[in-house]
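Peer 1: prediction below, plus the sequence it came from.
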Amino acid sequence: MKKNVPLVGHLVVGLAAMAGFVAVFMVLWNWLMPFIFGLPALNFWQAAGFLVLLAGLVKFMTLSAFFGMHGYRRNPLREKWMKMTPEEREEFLKNHHFGRRCRRFAE
């Protein structure tokens with residue numbers, strides 16, 4: 001029975017921490033949002049659901065950024081640049097007008 005005591009204690013502390021976090025979020029929401037934006041006040045369960053929704057959105061955005069939206073990695077111009085020799089890069093900069101900064105490196 002003693003082996004289950006730490007597990008139950010961790011569970012109780014975790015639930016209390018989550019309830020406290022939801023309560024703080026609810027109080028802050030009910031204090032600020034109706035006054036600033038005219039939004040309705042939330043009860044405890046609405047605040048908990050809102051936090052779950054926010055956590056899911058943040059997780060989705062983080063995963064989509066990690067797995068699919070690497071703008072700097074899938075840039076065709078960057079891929080072409082990485083395959084060029086230094087001489088080809090100099091010629092490329094001389095023939096294309098990318099602004100003063102890039103022309104300075106070509107000289």
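Peer 2: Nice, thanks for sending it over.
Peer 1: pull out the buried positions in stretch 10-23.
Peer 2: Val22 (16 or more other C-beta atoms under 10 Å). To be clear about C-beta, it is placed using only N, CA and C from the backbone, and glycine gets the same treatment.
Peer 1: what does whichever helix or strand Trp45 is part of rub up against?
Peer 2: Per DSSP states H and E: Trp45 is located in helix 44-67. Helix 44-67 has contacts (C-beta atoms under 8 Å, 6 or more residues apart in numbering) with Phe21, Val22, Ala23, Phe25, Met26, Trp29, Leu42.
Peer 1: swap the cut-off to 7 Å and go again
Peer 2: Residues from elsewhere that reach helix 44-67 (C-beta atoms under 7 Å, 6 or more residues apart in numbering): Val22, Ala23, Phe25, Met26, Trp29, Leu42.
Peer 1: which neighbouring elements make contact with the helix or strand that contains the first one?
Peer 2: The reference is to Val22. Element membership for Val22, per DSSP H and E: helix 4-37. Applying 3 or more C-beta pairs under 7 Å, 6 or more residues apart in numbering; DSSP states H and E, one finds that helix 4-37 contacts helix 44-67.
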